[in-house]
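S.K.: 3D model of this:
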Amino acid sequence: MDDKTADLRDLFVETTGEETVTETQTDARGSLSTDDADAVEEALSALVGEMVDRYAFDADLPESDLCHVVRAFFDPGTAGAGAGSWSADADAAVAASLSVDADAETVFRARMDLHLVADADRDGPVPYADLRTLVSAESPTDGADAGDKGSDVDRDAEGNAAVTDDAALAAALPGDVEPATARRYRQVVEADLASRRVNHRYRDAFADLLTDADLSTRLAADARRDGLGDATEDIETDVSL
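M.R.: The predicted model follows:
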C-alpha cells in the first residue's frame, strides 16, 4: 500500500468510523437522510396546523394535502413552475397529485389560505396597487387578528370604505370582468394583506424550511464529493482497501 492509498484509507476510516465498506455504512447514511426529512415534515406540519387553527381556511383540504401544496409551491419541478412563475397549470398539476378529489381552483384557494401568492396571481386588468386600493381593508375591531378570514372587512388602509361585493368590484374594474374573476382578485389581495399583517411570517418560514433543507442536502452531497475528489486525485482507480 503506497502513501496515497494509506492517506485515502485513513480519510475513509476517520470519516466513516468503519474499516471496510459494508451494507451497514450505506444504511447509516440513508437513516440520516430519513431523519432530516422527518424533521422537515414535522416542522412543516406544525406550521400548517398553526395556520389552520388561526385562520378560517376557505379550501376544504386535509392538512396533509395542505402540506403538499406548500411543498409543491417551492418546488421548481412542479409543472415547470416555481414561486416566481406559477400558473393555473401548476395549480392543476398539484390538484391531480392530492389525496382527495380537487381541482385547480381548490389549490388556488389553498395557496391563498397559506399566504402563498405568486407573481402571476397579481396580474390583473389594473395595476396591482390600484387593485389593492379597491379591495384592501382593515379589521373593524381593534385588537382582533387582522389576518383572520371571515371578519367583516370593509375599510382600506386609509380608512375609506372598500368595495366588498364581488359584483361591485367587477363593475369597478375595466373591461368585462365576471364577479367570479373579481373574487379571485380579492382573494389574492386579502392573502397578501394577511401575510403582511404577520410580517410574512408563515411564507418566510415555509421558504426557509424547504429551501434550506434542499440546499443543505445539496451542500452535504457536494462536500462529500469534493472532499473525496481531492483525496483521490492522481490515485489509481484499481486500489483495493
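
S.K.: tell me the domain ranges of this protein?
M.R.: By the record's domain assignment, the chain is partitioned as 1-118+203-230, 124-198 (automatic domain parsing).

S.K.: ranking the ones you listed by mean pLDDT, which is last?
M.R.: Comparing mean pLDDT across the domains of the chain, the lowest value falls on domain 124-198: a mean of 71.

S.K.: Let me know the secondary structure of Asp101.
M.R.: Following DSSP: H, G, I helix; E, B strand; the rest coil, we place Asp101 in the coil state.

S.K.: can you start the count at 23 instead of 1 from here on
M.R.: Yep, numbering from 23; the last one is Asp123 now.

S.K.: quick one, phi/psi of it?
M.R.: Per-residue torsions, Asp123: phi -70, psi 120 (degrees, to the nearest 10).

S.K.: what's stretch 100-119 in contact with?
M.R.: 90-91, 94-98, 124-130, 133, 138, 140-143, 229 (CB atoms under 8 Å, 6 or more residues apart in numbering). C-beta coordinates here come from the backbone N, C-alpha and C atoms, glycine included.

S.K.: If any of these are buried, give me the ChimeraX selection for them.
M.R.: The following ChimeraX selection, which keeps only the buried ones among the contacts of stretch 100-119, applies the criterion 16 or more other CB atoms under 10 Å:
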select :90,91,94,95,96,97,124,126,128,129,130,133,138,140,143,229
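
S.K.: Which ones among the contacts of stretch 100-119 map onto strands?
M.R.: Counted as lying in strands by DSSP state E, out of the contacts of stretch 100-119, is not a single one.

S.K.: The nearest residue to Val92 once chain neighbours are set aside - how many residues pack around it?
M.R.: Distances taken as CB to CB, 6 or more residues apart in numbering place Phe228 nearest to Val92, at 5.3 Å, with adjacent residues excluded. Burial of Phe228, expressed as a neighbour count using other CB atoms under 10 Å, amounts to 25.
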